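Enquirer: Need a 3D model of the following:
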Amino acid sequence: MGLFDALKRLFGPRAAAFTICPHCHFVFQKPTRWCVFCHNGRNADRVASGLRSSPMPRGAHPTSSAESAPQTPRPTGLENLDVGRFQPLSTKDARGTIQSLGGIRSAYLDSLGVIPDDSLPRIQIIDRTMVGAGLITAEELHEIHEVGRHYEELRGVRGSEHRRATEAVSASRAERQALKEQKKLEAAKRRQARVEEVARRKATDINFLGRGVSGGLSDHRANLETLERLGFPKVSTPANLAAAMGLSVGRLRFLAFHSEAPTRVHYVAFQVPKRSGGSRTITAPHKSMAAAQRWVLDSVLSKLAFHNAAHGFVCGRSTVSNAEPHVGADIVVNADLSDFFGTITFPRVRGAFRGMGFSPAVATVLSLLTTEAPRRPLTYAGETRYAATGPRALPQGACTSPALSNWITRRLDQRLNGIAAKLGWTYTRYADDLTFSARLSENPDANTHVGYLLARLRHIAQDEGFAVNEKKTRVLRSNARQSVTGIVVNDQLGVPRPLVRRIRAILHGAKSTGLEAQNREGRTNFKEWLGGMIAYIEMVSPKRGGQLREEFEALPKG
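Expert: Numbering: from 1, shown residues only. This is a model prediction of the structure:
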């Protein structure tokens, strides 16, 4: 039962539920006959002896022999118990006392979170009335008020501690906020430094050129002795290379960057018909890429020394020099390497530049400048991209591809030339065309070597990363027309007769109908083409070509 429930029962409409003990005049609750003291037997001796006729004075507590006996000390907190402060008060006396105090207008005079002080008159009346009603004992009330006093003391302490804690929390928050701001400032400085460092590195170095091709860009170790011996530029970093090429680092990065599906490429691809049928894809570089490749050719590749058997795209050599060693041979074997430029991929080119003494970083950049992936244009969402359909390799149309192919195939030339010399044969190569020849007068067993030679050719080509096109392998005897890279070599160097007859017919008809009337194939530069064919015939057979040149120059102008 709470305090206010007790007050309500004491002073409310149901106050008649309480009565006064006829013996000790204590207020107690019905329906018991005796108050709590008499009922518990503490006054049983007086009740039994018939002394109810002489009741005890009001407010006096009955005692018994049991109460006079020594009692066990109460727990700590009862030392200052003033029993008189909590003397029982009857309902009638309580009402009178309340009226003398002016009455209690409201029971809600104190905060619900506070235990009222027992020094207040109204609280004393309430306490004594509750004790008189048997709702609580004096000891319990004393403990309650002691708890209230301690609570008030602790609440003051708690308030000061709360203030100190609040101040500490505020100081901690301010400190953390200051630390946070400091860290933000430091992070901003680091980001700014990072941005400046990235900008500086972009302006002075290249660290990434695409997925799968950027390995070694951070390695600037070059073999300067080899570069100096070969006469190459002494460059070890992409920045050195850009400076040597007369480009900015950003421009060099743009030219060398590899992307799987860019919106812009550095090449234009077109098809040209093959003499043997089909078409060949030519990948011609744009102006800026062509200029970069020309620098690589002039500054690096043109200073390389190739194998003596290589005649294609070598200064001072041609199809004529490639065919001359086979003139008058009894057996001529022609072979062809499949997809010659396409099999010389980016890793092989990078390895070739590394072998020249360049650092891995420079070798990577040079390899990206001289290789390109086959691409297919695709349009998506109105945007055209050029998707790579294969690995990067030497493009047909770049000025650097022939020299790089000759440098990379020098080991192939060395091995094939060794096999040919061992068997008594002669070996030459013009790009992807391989030619072997033998004279029976010098090598009587040449006929028995053909099968072994072709087998070794396949094995060696495979070891060197190439493949022989079996469809284009030919074994030519002296009783038939023997040609090497389009030049007849049976008895002497010559151009195939059908070509010479065709040129003569054009020149003969042009005398009467004019030159343009003979352009039955619709060539755009027919006159230049005709002059070039005559120059080729003149290179192979100077006497016959000279006659055709005179007829060509004698044609009427216009």
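Enquirer: going forward, measure contacts between C-alpha atoms and count neighbours the same way
Expert: Will do.
Enquirer: what about Leu457, which helix or strand?
Expert: helix 446-463 (DSSP states H and E).
Enquirer: by contact count, what packs against the very next helix or strand once past that helix?
Expert: For helix 446-463, the following helix or strand on the C-terminal side (DSSP H and E) is strand 474-477. When contacts are defined as 3 or more C-alpha pairs under 8 Å, 6 or more residues apart in numbering; DSSP states H and E, strand 474-477 packs onto strand 331-336.
Enquirer: Show me what secondary structure element comes after the strand it packs on.
Expert: Next element after strand 331-336 (DSSP H and E): helix 346-355.
Enquirer: quick one: buried residues of that following helix?
Expert: Neighbour-count burial for helix 346-355, counted by 16 or more other C-alpha atoms under 10 Å, picks out Phe346, Arg348, Val349, Arg350, Gly351, Ala352, Phe353, Arg354.
Enquirer: and that helix, what's its mean pLDDT?
Expert: For helix 346-355, the mean per-residue pLDDT is 96.
Enquirer: Equivalent analysis for stretch 241-252, please.
Expert: Mean predicted lDDT for stretch 241-252 stands at 94.
Enquirer: just stretch 147-157 next, same as before
Expert: On average, stretch 147-157 scores 77.
Enquirer: Report the buried residues of it.
Expert: Buried residues in stretch 147-157, counting neighbours by 16+ other C-alpha under 10 Å, are found at Gly148, Arg149.
Enquirer: what stretches of the chain score poorly on pLDDT?
Expert: 1-85, 98-112, 158, 276, 558 (pLDDT under 70).
Enquirer: biggest helix in it by residues?
Expert: Using DSSP state H, we find that the single longest helix of the chain is helix 138-204.
Enquirer: next helix or strand past that one?
Expert: helix 224-230.
Enquirer: how about the next helix or strand after that next one as CSV, C-alpha atoms only?
Expert: Per DSSP H and E, the first helix or strand lying C-terminal to helix 224-230 is helix 238-245. What follows is helix 238-245 as a C-alpha-only set of coordinates in CSV (Å, rounded to 0.1, in the frame of the first residue of the first chain):
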residue,chain,number,x,y,z
PRO,A,238,59.7,6.9,-70.7
ALA,A,239,60.5,10.5,-70.0
ASN,A,240,63.9,10.1,-71.7
LEU,A,241,62.2,8.4,-74.6
ALA,A,242,59.6,11.1,-75.0
ALA,A,243,62.3,13.8,-74.9
ALA,A,244,64.4,11.9,-77.5
MET,A,245,61.3,11.6,-79.8
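Enquirer: gap between the longest helix of the chain and the chain center?
Expert: Remark: helix 138-204 is offset 38 Å from the chain centroid, using C-alpha atoms, centre = their mean, to the nearest Å.
Enquirer: Looking at the buried residues of helix 346-355, spot the one nearest Val268.
Expert: Phe346 (19.4 Å; C-alpha to C-alpha).
Enquirer: For Asp433, which non-adjacent residue is spatially closest?
Expert: Nearest residue to Asp433 in three dimensions, chain neighbours excluded: Asp336, at 4.8 Å (C-alpha to C-alpha, 6 or more residues apart in numbering).
Enquirer: Against Phe306, how distant is the one you found?
Expert: Asp336 sits 20 Å away from Phe306, going by C-alpha to C-alpha, to the nearest Å.
Enquirer: These two: which is more packed in?
Expert: Asp336 (21 against 16; other C-alpha atoms under 10 Å).
Enquirer: Would you confirm that the more buried one contacts Ala431?
Expert: No: at 9.2 Å, Asp336 does not count as touching Ala431 under the criterion of C-alpha atoms under 8 Å.
Enquirer: Gln492: how many residues sit nearby?
Expert: Neighbours of Gln492 using other C-alpha under 10 Å come to 15.
Enquirer: For it, list the residues it contacts.
Expert: Listed by C-alpha atoms under 8 Å, 6 or more residues apart in numbering, the contact set of Gln492 reads Val327, Gly328.
Enquirer: which SS state does it fall under?
Expert: Look at Gln492: counting by DSSP: H, G, I helix; E, B strand; the rest coil, its state is coil.
Enquirer: May I have the phi/psi pair for it?
Expert: phi -150, psi 170 (degrees, to the nearest 10).
Enquirer: What of the one 3 residues further on?
Expert: Dihedral pair for Val495: phi -90, psi 140, per degrees, to the nearest 10.
Enquirer: In space, what's closest to it - neighbours in sequence excluded?
Expert: That would be Ile487: by C-alpha to C-alpha, 6+ apart, it lies 5.4 Å from Val495.
Enquirer: show me the contacts for the one you found.
Expert: Thr319, Val320, Ala323, Leu493, Gly494, Val495, Pro496, Val540.
Enquirer: From Met539, how far off is it?
Expert: In terms of C-alpha to C-alpha, Ile487 sits 11 Å off from Met539.
Enquirer: which residues do these two both contact?
Expert: With C-alpha under 8 Å, 6+ apart as the test, Ile487 and Met539 both reach Val320.
Enquirer: Kindly tell me how buried Arg376 is, as a neighbour count.
Expert: 13.
Enquirer: again, but for Thr371
Expert: 26.
Enquirer: Over to Ala165?
Expert: 13.
Enquirer: do the same with Asp413
Expert: Applying other C-alpha under 10 Å, I find that Asp413 has 24 neighbouring residues.
Enquirer: again with Lys303
Expert: 13.
Enquirer: Might you report the residue contacts of it?
Expert: By C-alpha under 8 Å, 6+ apart, the residues touching Lys303 are Leu230, Gly231, Phe232.
Enquirer: from these, which is closest to Gly342?
Expert: Phe232 (26.6 Å).
Enquirer: was I right about that closest one contacting Val300?
Expert: Yes: the pair Phe232 and Val300 passes the contact test of C-alpha under 8 Å, sitting 5.7 Å apart.
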